[in-house]
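Visitor: Please find the sequence and the predicted model below.
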Amino acid sequence: MKPSDGLTITTPSDREIVTVRALAAPRALVFDCMIRPEFLTRWMLGPDGWTMPVCEFEPRVGGRFRYVWRNADGGEMGMGGVIREFEPPKRIVNTQLFDGDETGGESIVTLTLTEAGGVTLLTTSVLYPSRETRDAMLQSGMADGMEAGYRRMDALLAEMGR
Amino acid sequence: MELLGYGNPARLDATFAALADPTRRAILARLAQGEASVTELARPFAMSQPAISKHLKVLERAGLVSRGKDQQRRPVRVQAQPLAEANAWIEDYRRILEANYRRLDSLLAELQAKP
């Protein structure tokens, strides 16, 4: 597998989403990009137009992390959790809870990094508290994707109208 | 939220639930090659025909397969529409995450280019 193969997504059980992505860099460097705020804020941004004004990560077992994203309209989305396992440069397990999610409950995220021939495979497994939460997550990904599409269309239409 | 153009959310739940089982995914993979009887489907699996029939009922309820009218053989066929809807969800989710990883590709290239 190589970076240009893109992302593979599987749903191995009814509560999980597993993604695998190849990255052209040694594992230690990829690991740094997963835990250092100065790097996280450069890539973990989601759809076009979002920034990450809050990014805190305590790199140790029992440490906390907190992320907040903001879009061009000032809308915000936040999440946080606790690091349960921390084994540089190969594994991180943490809890994850979105702000305002009183009913959905915590997810468990397992990051696994393996390296072969200068390419690092990053596997992210998210175990959701229920099938409904997992499906809602896929659904929100769809909504955000459509939103990004509409924004690009708005820009195009504005340009054509000039 | 109304999912216009993406079908019925209850059916999507049923689709994802049906797809969560490895035997059912293998049955769908076999049916992608063409229709088959229950006997033909059971052959590659270490499973009884009744066990396979149970899996087929789950797939049928999710609208993923249909059974033919032929009384003797009742061939099983794959139905494309629910799979296409589930795929549309996964595709959009993939696009968002892939945008993140493209940025990560650039960042990693930049970090490795530094002396």
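Guide: Received, thanks. Numbering: from 1, shown residues only, chains lettered A, B, ... in the order given.

Visitor: Name the helix or strand of chain B that has the lowest mean pLDDT.
Guide: Least confident helix or strand, chain B: helix B:9-19 with a mean of 72, by mean pLDDT, DSSP states H and E.

Visitor: give the contact list for the residue nearest to the spatial centre of chain A.
Guide: Nearest to the centroid of the C-alpha atoms of chain A, with distances taken as C-alpha atoms, centre = their mean, sits residue A:44, at 6.3 Å. Contact partners of residue A:44, counting by C-beta atoms under 8 Å, 6 or more residues apart in numbering or on different chains, are A:52, A:55, A:67, B:100. Any C-beta I mention is one placed from the backbone N, CA and C, and that applies to glycine too.

Visitor: These into TSV, with extra columns for neighbour count?
Guide: Compiled in TSV, the contacts of residue A:44 are given as follows (neighbours: other C-beta atoms under 10 Å in any protein chain shown):
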residue	neighbour count
A:52	17
A:55	18
A:67	20
B:100	16
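
Visitor: mind listing which of those are in helices?
Guide: residue B:100 (DSSP state H).

Visitor: Determine which two of the contacts of residue A:44 are furthest apart.
Guide: Spatially, the most separated pair among the contacts of residue A:44 is A:55 and B:100, at 13.5 Å (C-beta to C-beta).

Visitor: SS state for residue 73?
Guide: Since no chain was named, I'll use chain A. For residue A:73, the secondary-structure state derived from DSSP: H, G, I helix; E, B strand; the rest coil is coil.

Visitor: sorry, should have said chain B
Guide: If you use three-state DSSP, then residue B:73 falls in the coil class.

Visitor: Chain B: helices as residue ranges?
Guide: Going by DSSP H, chain B shows helices at B:9-19, B:22-31, B:38-42, B:49-61, B:80-113.

Visitor: residues of the third one that come out buried?
Guide: With burial defined by 16 or more other C-beta atoms under 10 Å in any protein chain shown, the residues of helix B:38-42 counted as buried are B:38, B:41-42.

Visitor: The longest strand along chain A pairs with which strands?
Guide: The longest strand of chain A (DSSP state E) is strand A:76-87. With DSSP bridges as the criterion, the sheet partners recorded for strand A:76-87 are strand A:64-70 (antiparallel), strand A:91-98 (antiparallel).

Visitor: Could you export those as CSV, including mean pLDDT?
Guide: Shown next, in CSV, are those (pLDDT from 0 to 100):
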stretch, mean pLDDT
strand A:64-70, 94
strand A:91-98, 94
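
Visitor: so can I have CSV of the ones you listed showing distance to residue B:59?
Guide: What follows is the strands paired with strand A:76-87, written out as CSV (distance: least, C-beta to C-beta, whole Å):
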stretch, distance to residue B:59
strand A:64-70, 38
strand A:91-98, 32
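
Visitor: Out of those strands, which is closest to residue A:30?
Guide: Among the strands paired with strand A:76-87, strand A:91-98 comes nearest to residue A:30, with 11.5 Å by C-beta to C-beta.

Visitor: and the closest one, how far from the chain's centre?
Guide: Distance, stretch centre to chain centre, for strand A:91-98: 11 Å (C-alpha atoms, centre = their mean, to the nearest Å).
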